[in-house]
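Asks: Take a look and give me a structure for this.
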Amino acid sequence: MPYQQRIEPGGKEALRTARIAGALYLVIIVIGLLGETLIRNSLVVSGNAAETARRILTSEWLWRVGVAGQLLLLLCAVALSLAWYVLLRPVNKHLTLLAMFFALVSLAVESVSALQLQGALSTLLAAARLGIDPGQAQAMAYLAIVGHSHAFAVALMFFGVECVIVGHLLRRSGYFPAPLGVLMQLAGLCYLLNTFIMVLSPALHEAVFPAILAPSFIGESAFCLYLLFKGINIPAWDQLTIEGVAS
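Replies: Okay, the predicted model is just below:
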């Protein structure tokens with residue numbers, strides 16, 4: 001048997017990794033939903049910079065909680081990416097590595113978008129001290145929030161490609177159900193469509209959003225719950241890793 005520098009974890013270790021990945025994924029989904037629906041959607045008034053600024057300053061603590069939640073989400077996403085790498089590497093090391101490159105770029109762009117949320121609040125708080133006209137400060141803060149939305153859409157583009165690759169690896173794995181892979185690939189395609197529609201036709205994007213992301217929510221939620229409650233098919237994992245070592 002040829003010498004192997006890398007030995008994949010056993011089935012029980014992989015199962016533990018899968019459960020951890022499921023827990024991280026759940027935290028990411030919950031934070032993302034709460035941040036978007038209960039915080040930003042309740043404080044940001046589309047097309048109205050003055051009212052948006054008033055609501056943010058009135059609920060400054062809530063806005064800060066939203067930014068902090070976004071940062072926590074990013075930390076969990078980095079750890080989740082590592083877990084995905086461990087779980088999918090036995091299928092195809094190079095494709096898994098490619099997916100992780102897309103994941104890292106996505107998280108880097110999303111980190112910038114989170115800074116724009118903090119920048120919107122900082123602009124409003126510093127306006128009087130710096131002698132900035134209130135109307136101008138409100139416009140700057142609103143544009144920072146719009147910039148966050150656009151940067152986040154770009155992050156989702158890279159994440160969408162990651163989902164397509166991850167879905168392919170899930171279908172090929174044998175230790176994850178193939179339908180999960182199809183759902184993740186559909187989720188990735190929806191993320192990609194969402195970004196390009198937003199860039200090419202804002203009016204169309206307004207008409208189809210957020211319905212266009214419903215398949216993404218279904219696919220990611222299904223994968224999350226499977227990881228959390230089922231994990232992996234241990235015999236299939238052990239069989240594939242044994243074949244990989246022997247080859």
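Asks: By mean pLDDT, point me to the weakest helix or strand of this protein.
Replies: For the chain, counting by mean pLDDT, DSSP states H and E, helix 234-246 ranks last in confidence among helices and strands (a mean of 73).
Asks: What does Gly174 show for phi and psi?
Replies: In terms of degrees, to the nearest 10, the main-chain angles of Gly174 are phi 90, psi -20.
Asks: can you tell me how far it sits from Ala108?
Replies: 33 Å (C-beta to C-beta, to the nearest Å). Quick note: C-beta positions are derived from backbone N, CA and C, even for glycine.
Asks: higher neighbour count, those two?
Replies: In this view Gly174 and Ala108 are compared by other C-beta atoms under 10 Å, and Gly174 has more residues nearby, 17 against 12.
Asks: Surely that one is in contact with Asn233?
Replies: Yes. Proximity of Gly174 to Asn233 meets the contact threshold set by C-beta atoms under 8 Å, at 7.3 Å.
Asks: Overlap of the contact sets of the two?
Replies: Overlap of the contact sets of Gly174 and Asn233 (by C-beta atoms under 8 Å, 6 or more residues apart in numbering) is empty.
Asks: Tell me the confidence at Asn92?
Replies: In the predicted model, Asn92 carries a pLDDT score of 93.
Asks: so who does it touch?
Replies: Contacts of Asn92 by C-beta under 8 Å, 6+ apart are 169, 172.
Asks: Kindly report the same for Leu75.
Replies: Leu75 neighbours (C-beta under 8 Å, 6+ apart): none.
Asks: Please apply the same query to Leu213.
Replies: Counting by C-beta under 8 Å, 6+ apart, Leu213 touches 190-191, 194.
Asks: quick one: average confidence on the helix or strand hosting Leu73?
Replies: Taking DSSP states H and E as the definition, Leu73 sits inside helix 60-88. Helix 60-88 comes out with an average pLDDT of 95.
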